[in-house]
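**Q** Below are the sequence and a predicted model; questions follow.
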Amino acid sequence: MEYVYAALLLSEAGKEINEKSLMEVVKAAGFEPDEARAKAMVASLKGVDIKEVIKNAQAQTMVATAPAAQGAPQQAGDKGQQKPKEEKKDEKKEEAAAEGLASLFG
């Protein structure tokens, strides 16, 4: 995970993301750098614009949460009306379970 954070930091600083710079950031953070992991991270980020990916992820999150936020008050209102019935059913189940346990122990 530290290599992902290092890549994000380098991207934000406008620095080139390469094995050497990743390992320097990881070492500065107090971790033992691993050349193989740095190579793998650089290879996986080849051709990827990190800032664009973050921008798209934020836009998708906003779109995904917008409908849920609009539907939430209706669902909460519906659930509020159904709670007493559900609680009564749960209480009856708990009482039946307690009676069953009581019969086991005499």
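**A** In hand now; what should we look at?

**Q** Identify the nearest residue to Val26 in space, disregarding sequence-adjacent positions?
**A** Pro33 (4.7 Å; C-beta to C-beta, 6 or more residues apart in numbering). Heads up, the C-betas are built off the backbone N, CA and C, glycines and all.

**Q** Would you map the helices across this structure?
**A** Applying DSSP state H to the chain gives helices spanning 2-13, 19-28, 35-44, 50-105.

**Q** so where is this structure shaky, pLDDT-wise?
**A** 65-106 (pLDDT under 70).

**Q** let's see 90
**A** Scanning the chain with the threshold set as pLDDT under 90 gives 49, 51-106.

**Q** and the residue lying closest to Ala7 once chain neighbours are set aside, how far is that from Ala64?
**A** If the residues on either side of it in the chain are set aside, Ala7 comes closest to Ile17, at 5.3 Å by C-beta to C-beta, 6+ apart. To Ala64, Ile17 is 28 Å away according to C-beta to C-beta, to the nearest Å.

**Q** give the contact list for the residue nearest to Ala7.
**A** Contacts for Ile17 (C-beta atoms under 8 Å, 6 or more residues apart in numbering) come out as 7, 10-11, 41-42, 45, 50.

**Q** Now that we have those, which of them are buried?
**A** Among the contacts of Ile17, those scoring as buried are 7, 10-11, 41-42, 45 (criterion: 16 or more other C-beta atoms under 10 Å).

**Q** Closest to Lys55 out of these?
**A** The closest of these to Lys55 turns out to be Ser11 (C-beta to C-beta; 12.0 Å).

**Q** so that closest one makes contact with Ile50?
**A** Yes - at 4.1 Å, Ser11 counts as touching Ile50 under the criterion of C-beta atoms under 8 Å.

**Q** okay, now Leu22: neighbour count?
**A** Residues within reach of Leu22, counting by other C-beta atoms under 10 Å, total 26.

**Q** With adjacent residues omitted, what lies nearest to it?
**A** Take Leu22 and drop its neighbours on the chain: the residue closest to it by C-beta to C-beta, 6+ apart is Ala38, 4.4 Å away.

**Q** Quick check: closest non-adjacent residue to Arg37.
**A** Using C-beta to C-beta, 6+ apart, the closest residue to Arg37 is Tyr3 (5.5 Å).
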